[in-house]
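Novice: have a look at this prediction, sequence included:
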Amino acid sequence: MAIQQLDIAVIGDEELVNALRLTGVSRYYAVKDDHDVRDNVRKALTDLLAGSDIGIVIMLEDYTQYVEDLVSQIKKGKGTTPVIVEVPSKFGTKYPDIRGYYSALIRDSIGFEVEI
């Protein structure tokens with residue numbers, strides 16, 4: 001079985017997108033804070049899911065409320081990709097135990113514990 005090369009994509013505000021572009025992320029959607037945020041986030045995630053070359057989608061926590069149905073479909077799917085990783089905004093996180101969130105995400109994604 002050949003190893004497949006998968007990309008990392010980001011859906012976020014301009015600051016998150018620019019920061020991750022500096023690290024080499026080439027697939028990105030910068031969402032502006034306007035009245036179309038919900039539609040723009042849904043379109044961005046739908047576009048990314050349409051391809052088979054994305055392994056990880058990094059998304060602002062604030063945006064997951066607009067695509068909860070799509071994220072739950074991905075998590076229930078039989079495949080392992082893409083993994084949706086929610087990152088906090090500059091205003092903080094919605095998770096009281098952020099280490100627990102990331103530990104559970106890693107365990108669910110790869111099947112075993114990794115201490116962080």
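Specialist: Right, received. Where do you want to start?
Novice: give me the low-pLDDT residue ranges for the protein?
Specialist: 1, 78-80, 109-110, 116 (pLDDT under 70).
Novice: kindly recompute the last result at 90.
Specialist: 1-5, 32-35, 51-52, 71-83, 85-116 (pLDDT under 90).
Novice: quick one: the strands in the protein?
Specialist: Along the chain, the segments classed as strands by DSSP state E run 7-12, 27-30, 54-60, 83-87.
Novice: what lines up beside the longest one in the sheet?
Specialist: If I follow you right, that is strand 54-60. Paired neighbours of strand 54-60 in the sheet (DSSP bridges): strand 7-12 (parallel), strand 83-87 (parallel).
Novice: among those strands, which is the most enclosed?
Specialist: strand 7-12 (a mean of 22; mean count of other C-beta atoms under 10 Å). Glycine gets a C-beta too; all of them are placed from N, C-alpha and C.
Novice: just to revisit the earlier point, between the strands of the chain, which gets nearest to Lys76?
Specialist: Nearest of the strands of the chain to Lys76, taken as C-beta to C-beta: strand 83-87 at 12.3 Å.
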